[in-house]
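Chemist: Here you go, sequence then predicted model.
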Amino acid sequence: MKFIDQVIIEVVAGNGGHGCMSFRREKFIPFGGPDGGDGGDGGSVYLEAAESLNTLIDLRYQRLYRAKGGQSGMGAMRTGKTADDLIIAVPVGTMVYDADTLEFIGDLTKAGDRLCVAKCGFHGLGNSRFKSSTNRAPRQTTKGGIGEDRRLKCELKVLADVGLLGLPNAGKSTVVRAISNATPKVADYPFTTMRPHLGVVRVDELQSFVVADIPGLIEGASEGAGLGHRFLKHLSRTAALWHIVDVSELDEAVIIHNIKTIESEIKQYDPEFLQKPRWLVFNKIDALPEEEVEPRIQRIVEEIQWTGPVFAVSAIAKVGTQALCQSMMDYLNESKKNPK
C-alpha cells in the first residue's frame, strides 16, 4: 500500500435549520397564538484518531467532506431534527493545520482522540420564541447559522520510541528486520526503503518499544535531495535516535565523512534534532576481522569526538542486537521514571 503522509482536504459543517413562523389554527380557538418551532443544529465535522489506519491514503481519494444541515422548525412547536456530526477517521499521529493560514489546529496522538475542525451552524429560532405580553402575534424568526467551511492540511508523523538515521545501504532496514517483526525491503542497492517502516521490538514478555526506519539520507537532503528529507519529520516525536553507520568501508576517512554528513543534514533540517539522545550504532562488523573491530571504532569515535553511547552490531548475523535493544529499553524505562 502506498504511504501517504500529507494531504489537503476541505470540510464543510452543516447549516442550522431555520426557525418556523406558524400560528395555531384550530376550531373554536380563534386566537391560538404563535407555535413556530426552532430549527435543528447542523452537524459538525470531527477528525478521530484510529489505530487501524497507518496512512492518510483514504483522504487522498475523497477531498471534500460535508456534514448534513439541521432540519427547519415546524408548526405545533415542533423542533427540527439536529444533524449527526461527521466523523473522519485518521491515523494516530496526525497533525492538522488550516491550509490557507497555516494555523495549527490540533494534534491527534492517542487512539480515540477527537478534534473538531468545522463547527456547525446554530439553529434558527421560531416565532414562538418572540411572544411577549406586548407582542402576542410575533412574525419574527431567525435563520439557521452557516456551518464553517475550511481547507485542512493533514500531516502524519509516525509515533515511535526510536528513530533510525543513516545513509542508504547503511543497514537500517536489516537492523529493523533483525530486532523486530517488521519486514522492510533489503537489497544491495540504495533507496530500498521508499517509505517509513515501524517495527515493534519485544525485549521480553512485558516490555517492548517501537522503532521507525525512514529512507536513507544523502548529502543535500535538507535541501530536498534524495528521499529521506520528506520523512525526517517522522523522527521528531521519537525519544532517541540510532545513527546507523556502515563500519565495513575500507577507508576510515569515508566512514567519518559519512557520519559528519548525516549530522550536518539533520542540523540544517532542524537543529533541535541534535539535542535528542543519539546512539552511534556501527553495523556490519561481521565484514571485518574480529580483532580489527574495536580499534577501528575507537579511532573513529576519537576522531569525531563522540561522547554518546556507542554500539557495534552485525544486524544480518544478529550479533550485538540483543544488548542494543536491552540498553534502549532500560533507557526508555528510566526516561519515563525521570522525565526532563
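Modeler: Noted; the coordinates are in hand.
Chemist: From now on I want contacts and neighbour counts done on CA atoms only, so please keep to that.
Modeler: OK.
Chemist: Met70 contacts Gly17, doesn't it?
Modeler: Just to correct that, residue 70 is Gly rather than Met. Yes. The criterion here is CA atoms under 8 Å, and Gly70 meets it with Gly17 at 4.5 Å.
Chemist: more crowded one of the two?
Modeler: For Gly70 versus Gly17, neighbours defined as other CA atoms under 10 Å are more numerous around Gly17 (31 against 28).
Chemist: Can you give me the pLDDT of Asn338?
Modeler: Looking at Asn338, its pLDDT is 72.
Chemist: Sorry, wrong one. I was asking about Asp84.
Modeler: Taking Asp84 on its own, its pLDDT is 96.
Chemist: if we can go back for a sec, what do Gly70 and Gly17 both touch?
Modeler: Common neighbours of Gly70 and Gly17, using CA atoms under 8 Å, 6 or more residues apart in numbering, are 39-42, 80, 123.
Chemist: What is the nearest of those residues to Val203?
Modeler: Val203 lies nearest to Gly42 out of the shared contacts of Gly70 and Gly17, by CA to CA, at 49.9 Å.
Chemist: Now for the closest one, how many residues are close by?
Modeler: Using other CA under 10 Å, Gly42 has 30 neighbouring residues.
Chemist: show me where pLDDT drops low in the stretch 151-300 of the chain?
Modeler: For the stretch 151-300 of the chain, the stretches with pLDDT under 70 are 181-196, 216-231.
Chemist: residue boundaries of the helices in it?
Modeler: Listed in chain order, the helices of the stretch 151-300 of the chain (DSSP state H, counting those that start in this stretch) span 172-179, 228-231, 252-269, 290-304.
Chemist: who does the last one touch, helix- and strand-wise?
Modeler: Read it as helix 290-304. helix 252-269 (3 or more CA pairs under 8 Å, 6 or more residues apart in numbering; DSSP states H and E).
Chemist: With pLDDT, distance to Asp251 and secondary structure as new columns, can the shared contacts of Gly70 and Gly17 be given to me in JSON lines?
Modeler: Listed next are these as JSON lines, based on pLDDT from 0 to 100; distance: CA to CA, whole Å; DSSP: H, G, I helix; E, B strand; the rest coil:
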{"residue": "Gly39", "pLDDT": "96", "distance to Asp251": "77", "secondary structure": "coil"}
{"residue": "Gly40", "pLDDT": "96", "distance to Asp251": "74", "secondary structure": "coil"}
{"residue": "Asp41", "pLDDT": "96", "distance to Asp251": "70", "secondary structure": "coil"}
{"residue": "Gly42", "pLDDT": "96", "distance to Asp251": "68", "secondary structure": "coil"}
{"residue": "Gly80", "pLDDT": "95", "distance to Asp251": "77", "secondary structure": "coil"}
{"residue": "His123", "pLDDT": "95", "distance to Asp251": "73", "secondary structure": "coil"}
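Chemist: Widest-spaced pair of those?
Modeler: Gly42 and Gly80 (10.3 Å).
Chemist: What ranges in the stretch 1-150 of the chain fall below the confidence cut-off?
Modeler: By pLDDT under 70, the low-scoring segments of the stretch 1-150 of the chain are 1-4.
Chemist: in it, which spans are strands?
Modeler: Secondary structure of the stretch 1-150 of the chain (DSSP state E, counting those that start in this stretch): strands at 6-12, 45-50, 64-66, 86-91, 94-98, 104-108, 114-118, 149-156.
Chemist: would you turn these into CSV with mean neighbour count and distance to Gln322?
Modeler: Shown next, in CSV, are the strands of the stretch 1-150 of the chain (neighbours: other CA atoms under 10 Å; distance: least, CA to CA, whole Å):
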stretch, mean neighbour count, distance to Gln322
strand 6-12, 19, 35
strand 45-50, 22, 32
strand 64-66, 15, 47
strand 86-91, 21, 31
strand 94-98, 21, 32
strand 104-108, 17, 33
strand 114-118, 20, 38
strand 149-156, 21, 30
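Chemist: okay, and the common contacts of Gly42 and Gly80?
Modeler: What both Gly42 and Gly80 touch, as defined by CA under 8 Å, 6+ apart, is the set 17, 70.
Chemist: Phe130 touches Gln140, doesn't it?
Modeler: Yes. If you go by CA under 8 Å, Phe130 and Gln140 touch, sitting 6.9 Å apart.
Chemist: Could you pull up the residues touching Asp84?
Modeler: Residues near Asp84 by CA under 8 Å, 6+ apart: 42-44, 67-68.
Chemist: how far away is it from Glu148?
Modeler: Distance of Asp84 to Glu148, given as CA to CA, to the nearest Å: 15 Å.
Chemist: Same check on Phe209?
Modeler: 40 Å.
Chemist: just Asn338 next, same as before
Modeler: From Asn338 to Glu148 the distance is 43 Å (CA to CA).
Chemist: quick one, which of those two is more surrounded?
Modeler: The residue with more neighbours, out of Asn338 and Glu148 and counting by other CA under 10 Å, is Glu148; that gives 17 against 8.
Chemist: thought the more buried one was touching Cys116?
Modeler: No. Using CA under 8 Å, Glu148 is not in contact with Cys116, being 10.8 Å away.
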